[in-house]
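Engineer: How does the following fold in three dimensions:
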Amino acid sequence: MAEFFKVFCDGATRGNNIKGSMRYGSFGSVVLDSNNDIKYTTKLGFEGKEVTNNRMEMIALIYSVSMVLKYNLGKKIEIEVNTDSQILHKGINDWMTGWKKRGWKKSNGKTIENKDLWLVIDDLFKIDDLDLRTKWVKGHVKLTEGASLETIYNNRVDELANEVLDDGQTHEDLSGTISNIQKFIDEVKGSDSND
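Structural biologist: Model (predicted):
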């Protein structure tokens, strides 16, 4: 039986609309186990001209899923990623199959945006011991008494992502982080094929 985890993740950016400026981005994530107990909490910041809100949403998913994989190597795991990003959710569930058939191009023939990250996400779905799915949750919902688990943790990961930006915390190199995660995923996929 697969071990179940629920991931909540959210990305945030600053300076995104200023042409030529250094952009700052971050994400926050919380991972719950099958009892809804917190297993991991993460927040990371990034800087660079390639930082966009969509990229932060995508790296949040990639990093969070990779973290669960890292701490559960050799186990069958099931991960439900909760995101308030329609682009991420629809990209995975509605568009990715068509993009792949067209060589990672949109129906108009143009290459998809953030192809590098979509390729990493696609690699996550190729890991044998991982059952991965996404669930869209409404973002920026005011917390009220009796709020759903999804609302509580979606708000929490939004807070974590913004804490990084508000506090001016150390910012990682985005391309280096992506490269390291891709190496890890490749290793996991390689070990799957050796079993």
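Engineer: And for this protein, the residue most distant from the center?
Structural biologist: Centroid-distance maximum for the chain: residue 145 at 28.2 Å, with Cα atoms, centre = their mean.
Engineer: got the phi/psi numbers for that one?
Structural biologist: Dihedral angles of residue 145 (phi, psi; degrees, to the nearest 10) stand at phi -60, psi 130.
Engineer: What lies in contact with stretch 54-66?
Structural biologist: The contact list for stretch 54-66, computed with Cβ atoms under 8 Å, 6 or more residues apart in numbering, reads 7, 9-13, 25-29, 31, 42, 44, 46, 79, 81, 83, 85, 87-88, 113-114, 117-118, 120-121, 124, 130, 132, 134, 157, 161, 174, 177-178, 181, 184-185. Bear in mind the C-beta positions are built from the backbone N, C-alpha and C, glycine included.
Engineer: Buried ones only from the residues you listed, please, as a ChimeraX command.
Structural biologist: Per 16 or more other Cβ atoms under 10 Å, the buried members of the contacts of stretch 54-66 correspond to this ChimeraX selection:
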select :7,9,10,11,12,13,25,26,27,28,29,31,42,44,46,79,81,83,85,88,114,117,118,120,121,124,130,132,134,157,161,174,178,181,185
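Engineer: Give me the subset of the contacts of stretch 54-66 lying in strands.
Structural biologist: 7, 9-13, 25-29, 31, 42, 44, 46, 79, 81, 83, 130, 132, 134 (DSSP state E).
Engineer: Just give me the residue closest to the centre of this structure.
Structural biologist: Taking Cα atoms, centre = their mean as the criterion, residue 61 is the residue nearest the geometric centre of the chain, at 1.2 Å.
Engineer: Now that residue: which helix or strand?
Structural biologist: Residue 61 belongs to helix 53-70 when assigned by DSSP states H and E.
Engineer: List the buried residues in that helix.
Structural biologist: 53-69.
Engineer: quick check, distance from that helix to the centre of its chain.
Structural biologist: Computed by Cα atoms, centre = their mean, to the nearest Å, the chain-centroid distance of helix 53-70 equals 3 Å.
Engineer: List the neighbouring strands of the helix or strand of the chain with the lowest mean pLDDT plus their orientation.
Structural biologist: Ranking every helix and strand in the chain by mean pLDDT, DSSP states H and E puts strand 171-173 at the bottom, with a mean of 75. If you go by DSSP bridges, strand 171-173 pairs up with strand 38-47 (parallel).
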